[in-house]
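In: can't give you the sequence, but here's the structure:
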């Protein structure tokens, strides 16, 4: 099997996430209370974490790699929904996360070369040092993406005004 098929070169690898998102949207519209109760329960969080871990382990061989995006995307969505609900309780943290979230598309567009560059240089670090360095890099990238997005929005407003 050619790895290009499973590394975003084949739409089927992302089809699960799209279909699940559409199905969840329909269910949330018709059964919001019961779906919220299931997703935001401890069992929902545990299931999301297990699905995410299975996705991380599916990287090891090429055949299950077809499921990696679906498993990681599904599990991480549930886990991050819990994190968002928890963070939303503290106003200042919620505002900070929302500010980064507003600029997340810009971060998505520019992150890859920086992540690849720093990942190679941080490969040999011990876990605590890696986490500290990665956290700092994420903060710098997020702030840079926010500044870039503001500059592009200002330029767009000036040109298209």
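Out: Received, thanks. As the structure is a prediction and not an experimental result, all values here were calculated from the model.
In: what about residue 46, distance to residue 64?
Out: 21 Å (CB to CB, to the nearest Å). (Glycine included, C-beta is placed from N, CA and C.)
In: who's more crowded, the two?
Out: Per other CB atoms under 10 Å, whichever of residue 46 and residue 64 has more neighbours is residue 64, with 15 against 12.
In: the more buried one against residue 58, yeah?
Out: Yes. Contact criterion CB atoms under 8 Å: residue 64 and residue 58 qualify, at 4.1 Å.
In: so what sits against both of the two?
Out: Listed as contacting both residue 64 and residue 58 by CB atoms under 8 Å, 6 or more residues apart in numbering is no residue at all.
In: which residues touch residue 134?
Out: Contacts for residue 134 (CB under 8 Å, 6+ apart) come out as 118, 122.
In: roughly how far does it sit from residue 115?
Out: For residue 134, the distance to residue 115 - CB to CB - is 9 Å.
In: residue 15 versus the residue lying closest to residue 100 once chain neighbours are set aside, what's the distance?
Out: Of all residues not flanking residue 100 in the chain, residue 142 sits nearest, at 5.0 Å (CB to CB, 6 or more residues apart in numbering). Here the criterion is CB to CB. By it, residue 142 lies 29 Å from residue 15.
In: in terms of neighbours, single out the busier of the two.
Out: When neighbours are counted by other CB under 10 Å, residue 142 and residue 15 differ, and residue 142 comes out ahead with 19 against 12.
In: and that one, what pLDDT?
Out: Looking at residue 142, its pLDDT reads 86.
In: next one: residue 119
Out: So, for residue 119, pLDDT stands at 87.
In: can you tell me the SS state at it?
Out: Under DSSP: H, G, I helix; E, B strand; the rest coil, the three-state class of residue 119 is helix.
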